[in-house]
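Asks: Turn this into a structure:
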Amino acid sequence: MLRNPTLYGLAANAPTRDITLEERRADLIHSAATILDKNNLVKYDRKSGYFQVTDLGRIASYYYITHGTISTYNEHLKPMMGDIELCRLFSLSEEFK
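Replies: Okay, here's the model as predicted:
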């Protein structure tokens with residue numbers, strides 16, 4: 001990030017204001033944790049910064065399933081889906097793009 005600040009969306013003078021880029025790293029971590037929490041992949045306590053992985057998060061990590069795919073599954077998966085509906089839902093996975 002220090003070698004090429006614009007690649008990471010930083011202002012050109014950001015390294016002079018925050019030498020270790022701690023603020024930017026904290027923003028990136030918070031943004032990622034919020035997305036993962038929204039998709040029930042982790043439980044994230046914003047005040048303490050504590051992460052707790054969920055079973056769904058472990059499964060997604062083990063099988064390299066993106067948070068976008070999990071979001072799609074959370075939105076469309078129903079308890080009584082037939083084989084055709086399940087195949088259609090799985091075809092919406094980001095991993096198939």
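Asks: Now do the longest helix along the chain, average pLDDT.
Replies: If you go by DSSP state H, the chain has its longest helix at helix 22-38. Averaging pLDDT along helix 22-38 yields 91.
Asks: packing partners for that helix?
Replies: Contact here means 3 or more Cβ pairs under 8 Å, 6 or more residues apart in numbering; DSSP states H and E; on that basis helix 22-38 packs against strand 42-45, helix 67-76. All C-beta spots, glycine's among them, are computed from the backbone N, C-alpha and C.
Asks: Between the two ends of stretch 14-33, what distance do you get?
Replies: Its first and final residues considered, stretch 14-33 spans 23 Å by Cα to Cα, to the nearest Å.
Asks: ok, residues contacting it?
Replies: Residues outside stretch 14-33 that contact it (Cβ atoms under 8 Å, 6 or more residues apart in numbering): 1-2, 5, 8, 10, 42, 44, 46, 51.
Asks: Closest to residue 83 out of those?
Replies: Nearest to residue 83 out of the contacts of stretch 14-33 is residue 42 (Cβ to Cβ; 31.3 Å).
Asks: Give me the residue ranges of the protein where confidence is low.
Replies: For the chain, applying pLDDT under 70 flags no range at all.
Asks: Which residue is the nearest non-sequential neighbour of residue 38?
Replies: Spatial nearest neighbour of residue 38, chain neighbours left out: residue 71 (7.8 Å); criterion: Cβ to Cβ, 6 or more residues apart in numbering.
Asks: what's the neighbour count on the one you found?
Replies: 16 (other Cβ atoms under 10 Å).
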